[in-house]
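Novice: Sequence first, predicted coordinates after that:
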Amino acid sequence: MEQLDLAIELARAAGDVLKHYMGRDKQIEFKGRANLVTVADKESEALIIRGIRERYPTHAILAEESGASGGEAGAEGKWIIDPLDGTTNFAHQYPFFCVSIGFERAGEILCGAVYDPCRDEMFSGARGLGSFMNGQRLYVSETDKLANALLLTGFPYGVRHKMKMAMSQFEAFLFESQGVRRGGSAALDICYIALGRCDGFWEMDLHPWDTAAGLVILEEAGGRVTDFGEGPFSVYGKQIVASNGKIHEEMVSVLRNLQG
């Protein structure tokens, strides 16, 4: 699929930008009390957008730093870009961050690539074609009980206003699972489930660029993605439960009990 090939090419090139800045001055700015942006975010995004515009000048683009541009309602296609998912980690030289590029047409995410430059791990997937990490076909884990599962999550930037709910979810899953980790990159978290390193993930208040590429990668690996009520997931929604499919209903049940 030509869009997937381009996503992989640009994600790797953008990852080289991030590696270049890893040990250098990052010119950190604040978009909010806990939401950072660096020169690496901006250069990575500019590289990706330039590459897309050269190949697909009429496509729409939705990018974290520069917002929406081009393309009438994304009719021909929309690229959903996170040039650096895990900026806070990156700013502290904590090696858990990535580039995420998804491609959407007619409301469906068709393919995506997520690149971790620290581990040189390229996750990719396309509808009907499977998902892969550096050429290795991906399959979700066989864990079939929440009690045996390793879960991942993140806290929204507005967590100070939603502390009670975020911490109640964290506490509930901590008791019900084998363990919970908070890595700081939703795109990588979702890919880790596709790879079978972890079994489930949930989070509130994410953005389309956090989940678009990971969504197709996980589903093509046999995983399942819904909202907190087990309804259809949209990258434009504010709730995500992603899993290997086998513990999905148990995860949703935990969240429903908290809301009920």
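Specialist: Looks like it arrived, so ask away. Nothing here was measured: the structure is a model prediction, and the numbers come from that model.
Novice: switch to C-alpha atoms for all contacts and neighbour counts from now on
Specialist: Will do.
Novice: In the protein, where's the longest helix?
Specialist: helix 2-21 (DSSP state H).
Novice: counting contacts, what elements does that one pack onto?
Specialist: Applying 3 or more Cα pairs under 8 Å, 6 or more residues apart in numbering; DSSP states H and E, one finds that helix 2-21 makes contact with helix 39-55, strand 98-105, strand 108-116, strand 121-126.
Novice: Now render those as a markdown table, adding mean neighbour count and distance to residue 135.
Specialist: Converted to a markdown table, these look like this (neighbours: other Cα atoms under 10 Å; distance: least, Cα to Cα, whole Å):
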| stretch | mean neighbour count | distance to residue 135 |
| --- | --- | --- |
| helix 39-55 | 18 | 22 |
| strand 98-105 | 28 | 18 |
| strand 108-116 | 27 | 13 |
| strand 121-126 | 25 | 9 |
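Novice: before we move on, the earlier item: which parts of the longest helix of the chain are buried?
Specialist: Of the residues in helix 2-21, those buried by neighbour count under the rule 16 or more other Cα atoms under 10 Å are 3-4, 6-8, 10-15, 17-18, 21.
Novice: Local confidence estimate at the residue nearest the centre of the chain?
Specialist: Centre of the chain computed as the mean C-alpha position; nearest residue by Cα atoms, centre = their mean is residue 187, 2.0 Å away. The predicted structure scores residue 187 at 98 on the pLDDT scale.
Novice: residues touching it, list them.
Specialist: With contact set as Cα atoms under 8 Å, 6 or more residues apart in numbering, residue 187 has these partners: 85, 98, 100, 114, 210, 211, 213, 214.
Novice: in what helix or strand does it lie?
Specialist: For residue 187, the host element (DSSP states H and E) is helix 186-195.
Novice: Report the angle between that helix and strand 108-116.
Specialist: Taking axes from the mean of the first three to the mean of the last three Cα atoms, to 10 degrees, one finds helix 186-195 and strand 108-116 inclined to each other by 100 degrees.
Novice: Can you show me the CA trace of helix 186-195 as PDB?
Specialist: C-alpha atoms of helix 186-195 as PDB (Å, rounded to 0.1, in the frame of the first residue of the first chain):
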ATOM      1  CA  ALA A 186      -0.100   6.200  24.000                       C
ATOM      2  CA  ALA A 187       1.000   5.300  20.500                       C
ATOM      3  CA  LEU A 188       3.700   3.000  21.800                       C
ATOM      4  CA  ASP A 189       1.400   1.600  24.400                       C
ATOM      5  CA  ILE A 190      -1.100   0.500  21.800                       C
ATOM      6  CA  CYS A 191       1.700  -1.000  19.700                       C
ATOM      7  CA  TYR A 192       3.000  -2.900  22.700                       C
ATOM      8  CA  ILE A 193      -0.300  -4.700  22.900                       C
ATOM      9  CA  ALA A 194      -0.100  -5.600  19.200                       C
ATOM     10  CA  LEU A 195       3.300  -7.000  19.900                       C
END
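Novice: ok, then the element right after that helix?
Specialist: strand 200-204.
Novice: I'm done for today, thanks for sticking with me.
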